[in-house]
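# build me a model from this:
(one chain, ligands or ions: 2)
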Amino acid sequence: MTVISELQQDHVNLSKLLEILDKKIIKLKDGNQPNIGLMADVIGYIANYAEGYHHPKEDEVFAFFKGRDTKLDGVMQECEVAHTNLKGFAHALLEVIDGVLHDAVMPMDNFIEKLEDFVRNEKKHLDFEEASVFPVLNEVATDADWKAVEAGLPIENDPLFGEKRSEEYKALYVELMRDINS
Ligand SMILES: [Fe+2]
Ligand SMILES: [Fe+2]
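Ligands and ions are numbered 1, 2, ... in the order given. Next up is the predicted model:
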């Protein structure tokens, strides 16, 4: 798999969780009570996956191509800012969830709004990369570039990390589906 197809696969995986969260939001608006512990796990998973694995990989790719092309520099810069912002949003939401878990009183409307903002921002970022960053990267990069980029990315070949992550992903996905359909 090329770096871009790996990043796109990450996006597919993340999108699936975000889609279920969207369905969950509709249910919450209908008056369903959230399984807060599960919400915490999913948001935490997305944040860890993005901050510990996906964004660092993108940031390395971006760093490699910095200065090659003005248009590419512009969109990559936007992504770097978005990575920082998304981290802030995720942790703000996790704090809210933590508060609810520790009996802080929070109006459901307020919680739903924060969850909705989180999902919307995550999706917007994935869409931006798919539509405005990866196509430009593919235009600018040569095969030799990708080889060099891949040589500089150590973590992706760690099978243990990959396997553990994918087990966690599957378990969360199943639990979320069960929760949505209950
Ligand atoms: Fe990104
Ligand atoms: Fe991404």
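# quick one: buried residues of the host helix or strand of Asp127?
According to DSSP states H and E, Asp127 maps onto helix 108-128. Residues of helix 108-128 classed as buried: Phe111, Ile112, Lys114, Leu115, Phe118, Val119, Asn121, Glu122, Lys123, His125, Leu126 (neighbour count, 16 or more other Cβ atoms under 10 Å). C-betas here are computed from N, CA, C, even on glycine.
# ok, stretch 54-69 next?
In stretch 54-69, counting by 16+ other Cβ under 10 Å, buried: His54, His55, Lys57, Glu58, Val61, Phe62, Phe64, Phe65, Asp69.
# dump the residues you listed to CSV, plus pLDDT and secondary structure.
CSV is the format used below for the buried residues of stretch 54-69 (pLDDT from 0 to 100; DSSP: H, G, I helix; E, B strand; the rest coil):
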residue, pLDDT, secondary structure
His54, 92, helix
His55, 94, helix
Lys57, 92, helix
Glu58, 95, helix
Val61, 95, helix
Phe62, 96, helix
Phe64, 95, helix
Phe65, 97, helix
Asp69, 97, coil
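# looking at the residues you listed, spot the one nearest Ser166.
The shortest approach to Ser166 among those belongs to His54, at 13.5 Å (Cβ to Cβ).
# before we move on, the earlier item: packing partners for the helix holding Asp127?
Packing contacts for helix 108-128, counted by 3 or more Cβ pairs under 8 Å, 6 or more residues apart in numbering; DSSP states H and E, involve helix 3-29, helix 36-49, helix 70-101.
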